[in-house]
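*Asks:* below are the sequence and a predicted model for it; my questions follow.
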Amino acid sequence: MNALSLNHVRVLLGGQPVLSDVSLTVGAGQFVGVLGPNGAGKSTLMRVLLGLVKPVHGTLRVLEAPVARGNAMVGYMPQTRALDTLSRLRGYDFVACAVNGHRWGMFRLSRATRREVDWAVGVVGADELAKRPLAELSGGERQRLLLAQALVGRPRLLLLDEPLAGLDPRYQNTVVDLVAHVRRELGATVLFSAHHITPLLGVLDQVLYMGRGRAVLGSVDEVITGPVLSHLYGTPVDVVRLGDRIFVMAGNAPAEDAHHVHDA
Ligand SMILES: Nc1ncnc2c1ncn2[C@@H]1O[C@H](COP(=O)(O)OP(=O)(O)OP(=O)(O)O)[C@@H](O)[C@H]1O
Ligand SMILES: [Mg+2]
């Protein structure tokens with residue numbers, strides 16, 4: 001079974017192509033690292049898979065079905081996390097929002113919902129954190145609850161948009177291990193976007209590297225190469241391996257954060 005199949009998908013935003021012509025197939029259960037510079041279309045791709053952005057051309061299927069908004073089989077951790085307005089909530093109630101369709105505030109949880117939320121909170125090891133108000137939690141601790149929220153309903157596909165943003169290297173590893181654990185627990189397919197590949201090297205099956213409206217999917221050795229990345233960045237790129245770390249360099253600078261590339 002395929003978790004995703006995209007066939008010549010073209011997406012315009014503000015009249016500009018963000019995805020020019022993307023075709024790819026991801027098998028069920030794969031852990032896919034989604035890489036690429038700022039503006040490459042990583043978040044847009046996830047929004048397309050959620051049915052929030054419609055392609056102008058091409059076809060796509062998610063979990064062997066047409067894209068449907070609000071598909072309970074798809075869990076999503078968005079990149080933009082406006083948590084401040086929610087911060088008076090206890091962590092537990094925040095996770096439960098996923099079930100109650102964001103009608104947070106006063107609500108009673110059914111026994112089934114409570115069981116589901118308990119499970120999600122338990123999987124990410126946040127039983128104690130969940131008792132505290134979000135306002136009191138650190139960024140990394142909130143990240144854990146956001147992941148729990150994406151897990152509610154036990155999705156078959158997890159779209160995690162930059163779960164490592166703002167985390168220190170040690171905590172990055174904790175979150176990566178957590179997602180790997182969750183994937184095994186659920187048997188789910190994971191799309192995990194990030195700016196650096198190194199933290200994901202131990203867990204990913206495939207890399208989806210995006211740039212200039214294009215996307216290349218394959219193993220690390222197939223995709224993280226000078227020629228492939230130079231093509232995606234539209235500028236000469238070197239790949240430097242240092243022990244178990246990989247750096248993508250354009251000129252003297254790390255390329256992964258520095259460039260904002262657009263399709264011409
Ligand atoms: N609503 C919109 N209207 C017009 N352009 C948009 C809109 N949303 C996104 N874009 C543009 O689409 C491109 C891709 O954006 P996207 O957020 O998918 O990139 P990204 O790869 O997730 O980048 P980052 O690493 O910064 O998160 C960007 O150039 C962005 O400015
Ligand atoms: Mg993004």
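*Replies:* In hand now; what should we look at? Ligands and ions are numbered 1, 2, ... in the order given.
*Asks:* tell me the residue of this protein that sits nearest ligand 2?
*Replies:* Per CB to the ion, residue 43 is where the chain lies closest to ligand 2, at 3.2 Å. In short, each C-beta sits where N, CA and C put it, glycine included.
*Asks:* could you look up the SS state of the residue nearest to residue 169 when sequence neighbours are not counted?
*Replies:* Using CB to CB, 6 or more residues apart in numbering and skipping residues adjacent in sequence, the residue nearest residue 169 is residue 199, 7.6 Å away. On the three-state scheme (DSSP: H, G, I helix; E, B strand; the rest coil), residue 199 is labelled helix.
*Asks:* I figured residue 199 hits residue 163, correct?
*Replies:* No: assessed by CB atoms under 8 Å, residue 199 is found out of contact with residue 163, at 10.2 Å.
*Asks:* distance of the residue of the chain closest to ligand 2 from ligand 1?
*Replies:* Plainly put, residue 43 is 3 Å away from ligand 1 if you go by CB to the nearest ligand atom, to the nearest Å.
*Asks:* equivalent analysis for residue 145, please.
*Replies:* Taken as CB to the nearest ligand atom, the span from residue 145 to ligand 1 is 21 Å.
*Asks:* in what helix or strand does that residue lie?
*Replies:* Residue 145 is part of helix 139-151 when elements are defined by DSSP states H and E.
*Asks:* now for that helix, which elements pack on it?
*Replies:* strand 74-77, helix 91-96, helix 111-123, strand 157-160, helix 169-186 (3 or more CB pairs under 8 Å, 6 or more residues apart in numbering; DSSP states H and E).
*Asks:* any idea of the angle it forms with helix 111-123?
*Replies:* 140 degrees (axes from the mean of the first three to the mean of the last three CA atoms, to 10 degrees).
*Asks:* check what pLDDT residue 251 gets.
*Replies:* Listed pLDDT for residue 251 reads 78.
*Asks:* what's the neighbour count on it?
*Replies:* Neighbours of residue 251 under the rule other CB atoms under 10 Å: 11.
*Asks:* residues contacting it?
*Replies:* residue 236 (CB atoms under 8 Å, 6 or more residues apart in numbering).
*Asks:* and if you look at residue 205?
*Replies:* Taking CB under 8 Å, 6+ apart, one finds 30-32 in contact with residue 205.
*Asks:* could those go into TSV alongside secondary structure and pLDDT?
*Replies:* Formatted as TSV, the contacts of residue 205 follow (DSSP: H, G, I helix; E, B strand; the rest coil; pLDDT from 0 to 100):
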residue	secondary structure	pLDDT
30	coil	96
31	strand	97
32	strand	98
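*Asks:* just these that are near ligand 2?
*Replies:* Among the contacts of residue 205, not one lies near ligand 2 by CB under 5 Å from the ion.
*Asks:* wait, which of the residues you listed is closest to residue 16?
*Replies:* Residue 16 lies nearest to residue 32 out of the contacts of residue 205, by CB to CB, at 25.1 Å.
*Asks:* for residue 253, see how far away the residue nearest in space to the middle of the chain is.
*Replies:* Closest residue to the average C-alpha location of the chain: residue 160 at 2.3 Å, with CA atoms, centre = their mean. Counting by CB to CB, to the nearest Å, the gap from residue 160 to residue 253 is 27 Å.
*Asks:* for residue 25, report the pLDDT, please.
*Replies:* For residue 25, the model assigns a pLDDT of 97.
*Asks:* same question for residue 129.
*Replies:* 92.
*Asks:* state the number of residues packed around it.
*Replies:* 21.
*Asks:* quick one, what contacts it?
*Replies:* 91, 137, 141, 144-145.
*Asks:* for the chain, which spans come out with low pLDDT?
*Replies:* 80-87, 100-108, 257-264 (pLDDT under 70).
*Asks:* can you pull the residues of it lying near ligand 1?
*Replies:* For the chain, the residues found near ligand 1 under the criterion CB under 6 Å from any ligand atom are 13-14, 18, 36, 38-44, 79, 262.
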